[in-house]
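Participant: Below: sequence and its predicted model.
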There are 2 protein chains.
Amino acid sequence: MSRTPQHAPGPEPEAEARRPTIVDVARHAGVSKSLASRALRGDAGVSGPSRLLVQQAAGALGYRPNSAARSLVRGVSGLIGVVLNEIGNQHHTEIVAGVEDQARTLNASVLIGHGGHSALELCRQIDTMIELRVDGLVIVSSWVPGEVLERAGGEVPTVLLTQVDNPPPVIDTIASDDVAGARMATEHLINAGSRRPAYLTRSRSATSRARTEGVLLACQAAGLPWAVEQFDPGQQRQLAELVGTGRYDAVLCNNDLTAAEVIRAAHDHGLRIPGDLQVIGYDNTRLARFLFPSLSSVDQPQYLMGQRAVAAITERREGRTTAVREFYTPQLVERASTGQPHN
Amino acid sequence: MSRTPQHAPGPEPEAEARRPTIVDVARHAGVSKSLASRALRGDAGVSGPSRLLVQQAAGALGYRPNSAARSLVRGVSGLIGVVLNEIGNQHHTEIVAGVEDQARTLNASVLIGHGGHSALELCRQIDTMIELRVDGLVIVSSWVPGEVLERAGGEVPTVLLTQVDNPPPVIDTIASDDVAGARMATEHLINAGSRRPAYLTRSRSATSRARTEGVLLACQAAGLPWAVEQFDPGQQRQLAELVGTGRYDAVLCNNDLTAAEVIRAAHDHGLRIPGDLQVIGYDNTRLARFLFPSLSSVDQPQYLMGQRAVAAITERREGRTTAVREFYTPQLVERASTGQPHN
DNA sequence: TTGTAGGCGTTATCAT
DNA sequence: ATGATAACGCCTACAA
């Protein structure tokens, strides 16, 4: 028995290697296609022998349900879409893990689309997901324009996992409080003796802007000047040079990788960490533990946020019409890159 | 005009907020659904006024094509699936970028499925992709059993981007030569003076095994003993302790993050790099530049491999039946973590 | 328990 | 240039 289906009555001896459909399975098993459908899905009301027959036929033919056909007739796809702008990023990874685990409880699978740091591409991914008729959409980026969010939310339960300025009411938002996180981290730096703290970022996202705000608040409260140093992703040297000037005695970075750059530059310039320069990262990725000195970092409940996103989608599908607005307070994980050197 | 479709003739005044279909668009525009279909897709043979009418109707209704229906009737989905076991990994990121750029030339979009380090989940993702009827499948993991690969290859053009032992002929393989890469790296360590090199890994994949082989070959050729140190992902302390023993004077790590751990441990134990311990990573991720000292690393043409994978899929779809077996030779990028300290 | 028939939204093949 | 109409593969009343 070859695996390619061979329907004898066909007038074409050189038949194309067509994928077997449920009709083929039914014919092979000698039953109607509706019975085959029920048997394959484990429906009740199918006799033992029939079920077995159908299953064997499906196995012999290598049958695979066509999810396009199924989605079409059932109106749901069993797909949760996640759109983010950087897949090589521990922060996003944890969110996706949360989404996946929660999706598993719904027997849904997760599709990841990534915009590669391009807002346009990000929107295209969202369109693709919607046209695929995902049952819910999780957006992990603050680069999506409000109107796109609004359209998306009108078509499918949509959850945004970042802070934005004015989220439309049709979408839910579940975010970590970036203002609070940055403020807390900056206060930590100041309490440990910093008098010239700064915020370093390579991102222009709303998320990064919110962190700027947190730094500002902490500095104002302490009566200190505040500084933001913005770099473009390409600029490598500038960041290292800035660190070398010794202009700041403590920096909060937009993420752990940028913090790694800073630590590196400090080494090169002979600066002690945390003695000459305190450093805090953001996202508390695995990397933070492996740097030298180990990196203090702001931790967000990413996994939990991913889970909650899927829960919010479920609620929307079950009729909720009010918007979820959840905020989580991040935690500062203190390691060796901050604090008073001799304490 | 509200955005929810309101078909006047409907007998239900409390109509469900159904998604508008092409029939709604056609009715709204006063044309047949076939004409609407052609107009929306930009087919030739539609008069200017009709096209405009249809487009306006679609815009007014917020129409979105249902890709399930389209996929069903056309037999192609316009989707390329990528399955990998770790999305938070720069190595994979670059591959995906290559896949995406090449997919764009086919007007296809890319879906990412990730197995979260579970072989079972990985296979489930592959099944999902196949049932979604992706037009091609790219697998970036050496954990997928041969029989699963074979089945997948029988159903859809499939490309494996890792080295495995006996790839079935129905799938294409495009891989970087891990034996050669590890051998080259090890030879570099030996040339720089190492007499006790070792290979450090947290992975038990076929990829990692191949690298073991490369280390072995280099050591044998130099008449040196060879060593492999295998750790489980959870074990943190063991790796640090091993480094502290000073048992080895040079290590090749399975990836850059593990190399970061080693560097960190060396710092903690007061070992000089590269004087007391040379370190090489694998994958040449962004991180390698930011470590201190900067990390030598084995670079693979990941982006290119991603591109080639899609090209191979295209060729399969156009009738090629022989298997592609491409190998790329990796390059060693030398930085400050290896070499003779005073040269 | 099993079969029949209709429809999901789209494209494509015919006519007109 | 436009319009019927028949698929695509599956699910689901409804009937037997």
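Facilitator: Perfect, thanks for sending it. Residues are numbered from 1 along each chain as shown, chains lettered A, B, ... in the order given.
Participant: contacts, neighbours, all on C-alpha from now
Facilitator: OK.
Participant: Count the residues that sit near the residue in the stretch 51-200 of chain A positioned nearest to DNA strand C.
Facilitator: Here the stretch 51-200 of chain A gets closest to DNA strand C at one residue, A:Val73, 3.5 Å apart by C-alpha to the nearest atom of the strand. By the criterion of other C-alpha atoms under 10 Å in any protein chain shown, A:Val73 has 12 neighbours.
Participant: Pull up the residues of chain A that are close to DNA strand C.
Facilitator: Chain A comes close to DNA strand C at residues A:30-35, A:44-51, A:69, A:72-73, as judged by C-alpha under 7 Å from any atom of the strand.
Participant: one more time with 6 Å, if that's ok
Facilitator: For chain A, the residues in contact with DNA strand C (C-alpha under 6 Å from any atom of the strand) are A:Val31, A:Ser32, A:Lys33, A:Ser34, A:Leu35, A:Gly45, A:Val46, A:Ser47, A:Ser50, A:Leu72, A:Val73.
Participant: got the residue ranges for the helices in chain A?
Facilitator: Using DSSP state H, the helices of chain A run over residues A:22-29, A:33-41, A:48-61, A:67-74, A:90-104, A:119-131, A:146-155, A:178-191, A:206-222, A:237-245, A:256-268, A:286-290, A:302-317.
Participant: Adding mean pLDDT and distance to B:Leu111, write the ones you listed out as a markdown table.
Facilitator: Listed next are the helices of chain A as a markdown table, based on pLDDT from 0 to 100; distance: least, C-alpha to C-alpha, whole Å:
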| stretch | mean pLDDT | distance to B:Leu111 |
| --- | --- | --- |
| helix A:22-29 | 96 | 26 |
| helix A:33-41 | 97 | 26 |
| helix A:48-61 | 96 | 27 |
| helix A:67-74 | 96 | 15 |
| helix A:90-104 | 92 | 14 |
| helix A:119-131 | 94 | 9 |
| helix A:146-155 | 96 | 19 |
| helix A:178-191 | 98 | 30 |
| helix A:206-222 | 96 | 26 |
| helix A:237-245 | 95 | 35 |
| helix A:256-268 | 96 | 26 |
| helix A:286-290 | 94 | 26 |
| helix A:302-317 | 97 | 19 |
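Participant: Adding distance to B:Pro330, write these out as a markdown table.
Facilitator: Shown next, in a markdown table, are those (distance: least, C-alpha to C-alpha, whole Å):
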| stretch | distance to B:Pro330 |
| --- | --- |
| helix A:22-29 | 46 |
| helix A:33-41 | 47 |
| helix A:48-61 | 42 |
| helix A:67-74 | 39 |
| helix A:90-104 | 26 |
| helix A:119-131 | 31 |
| helix A:146-155 | 42 |
| helix A:178-191 | 41 |
| helix A:206-222 | 37 |
| helix A:237-245 | 28 |
| helix A:256-268 | 25 |
| helix A:286-290 | 25 |
| helix A:302-317 | 35 |
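Participant: will you turn the ones you listed into CSV that also has distance to chain B?
Facilitator: Converted to CSV, those look like this (distance: least, C-alpha to the nearest C-alpha, whole Å):
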stretch, distance to chain B
helix A:22-29, 13
helix A:33-41, 14
helix A:48-61, 12
helix A:67-74, 4
helix A:90-104, 5
helix A:119-131, 5
helix A:146-155, 8
helix A:178-191, 22
helix A:206-222, 20
helix A:237-245, 11
helix A:256-268, 5
helix A:286-290, 5
helix A:302-317, 13
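Participant: These: which one's closest to B:Gln238?
Facilitator: Of all the helices of chain A, the one in closest proximity to B:Gln238, counting by C-alpha to C-alpha, is helix A:286-290 (14.2 Å).
Participant: From the contact counts, what lies against that closest one?
Facilitator: Helices and strands touching helix A:286-290, by 3 or more C-alpha pairs under 8 Å, 6 or more residues apart in numbering or on different chains; DSSP states H and E, are helix A:256-268, helix B:256-268.
Participant: Identify the residues contacting the first one?
Facilitator: The one in question is helix A:256-268. For helix A:256-268, contacts defined as C-alpha atoms under 8 Å, 6 or more residues apart in numbering or on different chains pick out A:201-202, A:239-241, A:243-244, A:252-253, A:272-273, A:277, A:279-285, A:287-288, A:291-292, A:295, A:297, B:287, B:290-292.
Participant: quick one on the thing from earlier: nearest to DNA strand D, of the helices and strands packed on helix A:286-290?
Facilitator: So among the helices and strands packed on helix A:286-290, helix B:256-268 is nearest, using C-alpha to the nearest atom of the strand, at 43.6 Å.
Participant: The closest one vs helix B:237-245, what angle?
Facilitator: 50 degrees (axes from the mean of the first three to the mean of the last three C-alpha atoms, to 10 degrees).
Participant: Give the buried residues for helix B:256-268.
Facilitator: Residues of helix B:256-268 classed as buried by neighbour count (16 or more other C-alpha atoms under 10 Å in any protein chain shown): B:Asp256, B:Leu257, B:Thr258, B:Ala259, B:Ala260, B:Glu261, B:Val262, B:Ile263, B:Arg264, B:Ala265, B:Ala266, B:His267.
Participant: I'd like to check the angle between it and helix B:90-104, please.
Facilitator: Here helix B:256-268 runs at an angle of 160 degrees relative to helix B:90-104 (the same axes, to 10 degrees).
Participant: Perfect, I'm done here.
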